[in-house]
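A.B. asks: one predicted model, sequence on top.
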Amino acid sequence: MSAAPYELILRHPDLLAADTLVLSAEPRVPGAFLQELRDRQATFHTWDWMTRCAVFRPDDDKVRFAVPDTAALAGFSRIVLVWPKSKVLALALIGLACEAGIPVFAIGANDAGGKSIGTACKNLTTAERLDSARHCSLWELTPLTSGNNDFNWIKLAKAFQYQHLKLLTLPGVFSHGSLDQGTALLLQHLPRLKGNLLDIGCGSGVIGLSQKHQNNQLHLTMVDTDAFALHSAALNCTRLGLDATLIASDGFSEVKGRFDTIVSNPPFHTGKETDYRFAEQLLSECAGHLKSHGSLWLVANRHLPYEEWAQRHFADVEMIDQGYGFKVIRASHPG
């Protein structure tokens, strides 16, 4: 993704008004769009913490961070949706708007589904392409029918099983409805942990909650930039009767304190692009959040040079195992 969808919206400034709700998780927001957004008093709603930080201003009460729901749409006449990278999530958001009977103006990059938005939404809306520029397409989507405002994200959640634990994942969350092979490999090798555990980039919470299930005395903190992931993790805490601290954060940006163990399956894609920023940040900042005896456990695609990066910040770095195209790495003695 890029700033291009916002630049296309600026060709249609009348879409931004006090009764407009912008839904977006694209953090590369150009200054001209921010100014137009504020001048026209439109509301910006995101489920991505990085995007929230890019748009938020202390004196601005029109920026929201949460899983969007029916209540969040109340009072708006139109929705401007920057098409998310997950088609499942995109269609769920269109379904949410249809339940509320609100038309949607959807903008997407042509190489990330933007060209085919009309086709993707054919069972939910009529569709008219209004504009095409900056390698993006703008569509007007009108609900075929209005619902009863009873949209419920849990109805769209998918479950998966890990040992005795059944966990839910909401649309858009990594490995929606399944346990990915990388995380499975990491779980296979994690010892029974004690003390304070940080699960960073937690997704549905399977790594941290499986450890908490083994040791209820464990102090568990789970962090993610995605509100859908955090809501999934919160649902799983409730369902399993396990407690944890949940934090919306871009990496360590909102994390305080030190931990005995940090675990992660760090992402390395942003949309279609390879992006190592999160992994590099994790390895460079991790030492400052570990106790002196602490260790980092992570899983990565086998071709990525994480051991080399980790050796810049840890005295001991070991590849524990590899398989299915992944490798498990343990790094200890930070400093």
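C.D. replies: Happy to help now that I have it. Because the structure is a prediction, the values reported are computed rather than measured.
A.B. asks: all contacts plus neighbour counts: C-alpha atoms, from now on.
C.D. replies: Noted.
A.B. asks: Three-state assignment for the residue sitting furthest away from the middle of the chain, please.
C.D. replies: With distances taken as Cα atoms, centre = their mean, the residue sitting farthest from the centre of the chain turns out to be residue 315, at 31.8 Å. The three-state assignment at residue 315 reads strand, by DSSP: H, G, I helix; E, B strand; the rest coil.
A.B. asks: contacts for stretch 315-326?
C.D. replies: If you take Cα atoms under 8 Å, 6 or more residues apart in numbering as the criterion, stretch 315-326 is touched by 181-182, 185, 189, 299-302, 307, 310-311, 327-335.
A.B. asks: go on, stretch 240-249?
C.D. replies: 49-50, 165, 209, 212-213, 216, 219-227, 230, 234, 237, 254-255.
A.B. asks: recalculate using a threshold of 6 Å.
C.D. replies: The contact list for stretch 240-249 (Cα atoms under 6 Å, 6 or more residues apart in numbering) reads 220, 221, 222, 223, 224, 225, 237.
A.B. asks: looking at the residues you listed, which is nearest residue 37?
C.D. replies: Using Cα to Cα, residue 225 comes nearest to residue 37 of the contacts of stretch 240-249, at 22.9 Å.
A.B. asks: so in the chain, which strand runs the longest?
C.D. replies: In the chain, assigned by DSSP state E, the strand with the most residues is strand 290-301.
A.B. asks: show the buried residues in the contacts of stretch 315-326.
C.D. replies: Buried by 16 or more other Cα atoms under 10 Å: 182, 185, 299-301, 307, 310-311, 327-334, out of those.
A.B. asks: that older thread, farthest-apart pair in the contacts of stretch 240-249, please.
C.D. replies: Across the contacts of stretch 240-249 (Cα to Cα), the longest gap, 17.9 Å, separates 225 and 237.
A.B. asks: now the residue sitting nearest the centre point of the chain: how far from residue 180?
C.D. replies: Compute the mean C-alpha point of the chain, and by Cα atoms, centre = their mean the closest residue is residue 226, 2.9 Å away. Distance from residue 226 to residue 180, counting by Cα to Cα, to the nearest Å: 18 Å.
A.B. asks: hang on, the earlier thing: which of the contacts of stretch 240-249 tops the neighbour count?
C.D. replies: residue 222 (28 neighbours; other Cα atoms under 10 Å).
A.B. asks: A strand includes that residue, no?
C.D. replies: Yes - counting by three-state DSSP, residue 222 is part of a strand.
A.B. asks: quickly list the domain ranges of the protein.
C.D. replies: 4-143, 155-334 (automatic domain parsing).
A.B. asks: and the longest one, how far out from the chain middle?
C.D. replies: Put plainly, it is domain 155-334. Mean-position distance between domain 155-334 and its chain equals 14 Å (Cα atoms, centre = their mean, to the nearest Å).
A.B. asks: ok so, going back, so what's the backbone phi/psi at the residue nearest to the centre of the chain?
C.D. replies: For residue 226, the backbone dihedrals (degrees, to the nearest 10) come out as phi -100, psi 120.
A.B. asks: try residue 277
C.D. replies: phi -60, psi -50.
A.B. asks: and the contacts of stretch 149-160?
C.D. replies: Residues contacting stretch 149-160 (Cα under 6 Å, 6+ apart): 99, 100, 166, 167, 168, 169, 170, 177, 178.
A.B. asks: any idea which of those residues is the one closest to residue 40?
C.D. replies: residue 100 (23.0 Å).
A.B. asks: and the closest residue in space to the closest one that isn't next to it in sequence, backbone torsions?
C.D. replies: Using Cα to Cα, 6 or more residues apart in numbering and skipping the chain neighbours, the partner closest in space to residue 100 is residue 149 (5.4 Å). When quoted as degrees, to the nearest 10, the phi and psi of residue 149 stand at phi 60, psi 30.
A.B. asks: okay if I get the contacts of stretch 240-249 as a markdown table plus pLDDT and distance to residue 321?
C.D. replies: Shown next, in a markdown table, are these (pLDDT from 0 to 100; distance: Cα to Cα, whole Å):
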| residue | pLDDT | distance to residue 321 |
| --- | --- | --- |
| 220 | 99 | 25 |
| 221 | 99 | 26 |
| 222 | 99 | 25 |
| 223 | 98 | 25 |
| 224 | 97 | 26 |
| 225 | 96 | 28 |
| 237 | 99 | 29 |
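A.B. asks: mean confidence for stretch 78-98?
C.D. replies: For stretch 78-98, the mean pLDDT works out to 97.
A.B. asks: what is the end-to-end distance of that stretch?
C.D. replies: By Cα to Cα, one end of stretch 78-98 lies 11 Å from the other end.
A.B. asks: check stretch 120-135 too.
C.D. replies: 18 Å.
A.B. asks: can you list contacts of that stretch?
C.D. replies: 4, 109, 110, 118, 137, 138, 139, 140, 141, 142, 143, 144.
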